[in-house]
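Student: what's the 3D shape of this:
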Amino acid sequence: MRVLLLLLAPVLIHAQGMGSGKRPLTPKPGGRTTSPPPFTFRDVGGLSGKHQYGDGSSRYILSMTGNGVAVVDFNNDGHPDLLFNDGKAPVLYKNLGAAKFENATAASGLAARAWGQGVCAGDIDNDGWTDVLLTYYGPSRLYRNNKGKFDALPFPESGNRFSTSCAFLDYDRDGLLDVVVSNYVAFELGNAQRPGATKYCTWEGLEVFCGPRGFPTDRPQLFHNLGEGRFEDVSARGLQGITGLHYGLGVAVGDFDGDGWPDIYIACDSTPGLLLRNNKDGTFRDVAVEAGAAYGADGEELGSMGVAAVDVDGDGRLDIVKSNFINETPSVYRNLGDWFFVDATQESGVGADSSAVGWGVGVTDLDQDGRPDFVIANGHIYPELGTKYRQPRSVYWNRGGTFSVGRPGVAAASRGLAVADLDGDGREELIVAHMNAAPSVLQVEGPRGKGFGMRLTGTKSNRSAIGARVTAGKQMKEVTSGGSYASQSDFTLHFAGDAAEVEIRWPSGAIEKLGALQAGALYSVKEGAGVVGREPWR
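Tutor: Below you'll find the predicted structure:
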């Protein structure tokens, strides 16, 4: 059966995608849902000012992709801060405590003024201060955190690459964080065609910006950390296992086969997704087609934007959730082990709604019952649609491997989404970047249980502990960089209930077992030393 699907896949492909001009896919039947999720979201504000993305026009594909947000405790005061890579300049908000913020951009050192896209974070020099990479239309910018102020470092990327998402990972397990960057299309502003110029510049009778099939594809890049803030572009060797055409957008890193080495998934628009298996020798090979994670359930190419690696069903293996274009649905690829995934979109109930254009994918346990839920930030790409341009977010409530689906909240043209407990009460908030509007900080209101948090620090491993896998009963989570769409959630891991025993597999390969951890607190854990601190939730 697996061989037959591989043979049929090229025959079944549709050319659906953003601005493709092709016939939309027929929406699927409703899927299996019970009732709408019992959650509402309250925007607590606090992030003043309208954020600008690009020039505010809809003439070019550059004006569509939007921007991301990263959760970074840049001053090490224990309060998660927020960094937005806006369309003209970064914006940094300092968390004063209890999710109260002030704009701290002026003194931050984040001075780049360019067409911003994504952002990811990690401690690249293991000095205890989290550093950041910002992607742009143009060269990406690497900033080292110098005790609360950012200093620009040289980064070996040049030209007008249309870079979108990024993620730090220690792919060679040397204790230093490397980085992967996703690139979208080969675009030159001076040669860009006007709306309506070709079949790729129309959508359902409207003259719109041209893309993406009107442009050549680009390739992702892999950068190796040489130490002392220096990186080397090793894409030619490290990613030589990528073939075919790919319009790359979202990036998620996770150990999909459980061998202790980080792998990569890249969500691609109008082209097959990329599942990059770590060969443990500094190289990756794309196994998405043979693994069953490249196409939709019917072999169609999807217009994919955001992605998350998460254990949906509690079997100890990382599954893949990604957001897609309108007239499609989000995708759930269930990991069956041995590099084989099955499209479980319809049977899980996630295929109940195909009416939104999905972007950032935020994974959080909304009711703290031990089953991961997720929220997708939605927003169309064509302002010409008027009121249909803004769309409510989608909420997927995990009822034990199947999901109830709802669309609560105010409609917006949203893009990036990150998750963090901003006020220290043990329940995570959602931070959403919108197109040319003030961001949202959303508190969850609805049923909740109790849980505990874990903040990990590596010693032999990278200091950020990116790649660490924590298992507490049937709950398994990894510390990750990147994910969602062009965004970065907090490194703190949240678990429901109490745990009789917690096991940590550090990126170094060391296995550490902790005693019982009880709900109601945030635990600080240091590699080799166990629990070194406990802070009650407020």
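Student: Pull the distance from stretch 205-219 to the chain's centre.
Tutor: The chain centre lies 23 Å from the centre of stretch 205-219; the measure is Cα atoms, centre = their mean, to the nearest Å.
Student: Using CSV, write out every CA atom in that stretch.
Tutor: Provided in CSV are the C-alpha atoms of stretch 205-219 (Å, rounded to 0.1, in the frame of the first residue of the first chain):
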residue,chain,number,x,y,z
GLY,A,205,-11.8,36.7,-11.0
LEU,A,206,-9.8,39.3,-9.0
GLU,A,207,-6.6,40.9,-10.2
VAL,A,208,-4.2,40.3,-7.3
PHE,A,209,-0.5,40.2,-6.7
CYS,A,210,1.5,37.5,-8.6
GLY,A,211,2.6,34.4,-6.8
PRO,A,212,4.0,32.0,-5.9
ARG,A,213,3.9,29.8,-9.0
GLY,A,214,4.8,32.9,-11.1
PHE,A,215,8.3,32.8,-9.5
PRO,A,216,11.2,30.3,-9.3
THR,A,217,11.4,28.4,-6.0
ASP,A,218,14.2,28.9,-3.6
ARG,A,219,16.0,26.4,-1.2
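Student: In it, which residues are buried?
Tutor: Under the neighbour-count criterion of 16 or more other Cβ atoms under 10 Å, stretch 205-219 has 208-215, 217-219 buried. (Each C-beta comes from the backbone N, C-alpha and C, glycine too.)
Student: Let's verify the residue located most distally from the centre of the chain: helix, strand, or coil?
Tutor: Counting by Cα atoms, centre = their mean, the extreme residue of the chain relative to its mean C-alpha position is A197, 33.0 Å from that point. Per DSSP: H, G, I helix; E, B strand; the rest coil, the secondary structure class of A197 is coil.
Student: ok so, going back, which single one of the buried residues of stretch 205-219 is nearest to S355?
Tutor: V208 (18.7 Å; Cβ to Cβ).
Student: Might you report the residue contacts of that closest one?
Tutor: Each residue near V208 by Cβ atoms under 8 Å, 6 or more residues apart in numbering is listed here: 19, 58, 195-196, 201-202, 382, 384.
Student: Please pull up the helix or strand immediately following the worst-scoring helix or strand of the chain on mean pLDDT.
Tutor: The helix or strand of the chain with the poorest confidence is helix 2-12; it has a mean of 35 (mean pLDDT, DSSP states H and E). Per DSSP states H and E, the first helix or strand lying C-terminal to helix 2-12 is strand 40-43.
Student: Can you spell out which helices and strands pack onto that following strand?
Tutor: Strand 40-43 sits against strand 440-445, with contacts defined as 3 or more Cβ pairs under 8 Å, 6 or more residues apart in numbering; DSSP states H and E.
Student: what helices or strands is the strand it packs on leaning on?
Tutor: strand 40-43, strand 429-434.
Student: Okay, now the sheet partners of the very next helix or strand once past it, with direction.
Tutor: Sequence order places strand 451-457 as the next helix or strand after strand 440-445, per DSSP H and E. Note on strand 451-457: by DSSP bridges, its sheet partners are strand 493-496 (antiparallel), strand 521-526 (parallel).
Student: mind listing what's buried in strand 451-457?
Tutor: Here strand 451-457 shows 451-457 as buried, counting by 16+ other Cβ under 10 Å.
Student: so D131 makes contact with N145?
Tutor: Yes - with contacts counted by Cβ atoms under 8 Å, D131 reaches N145, the gap being 5.0 Å.
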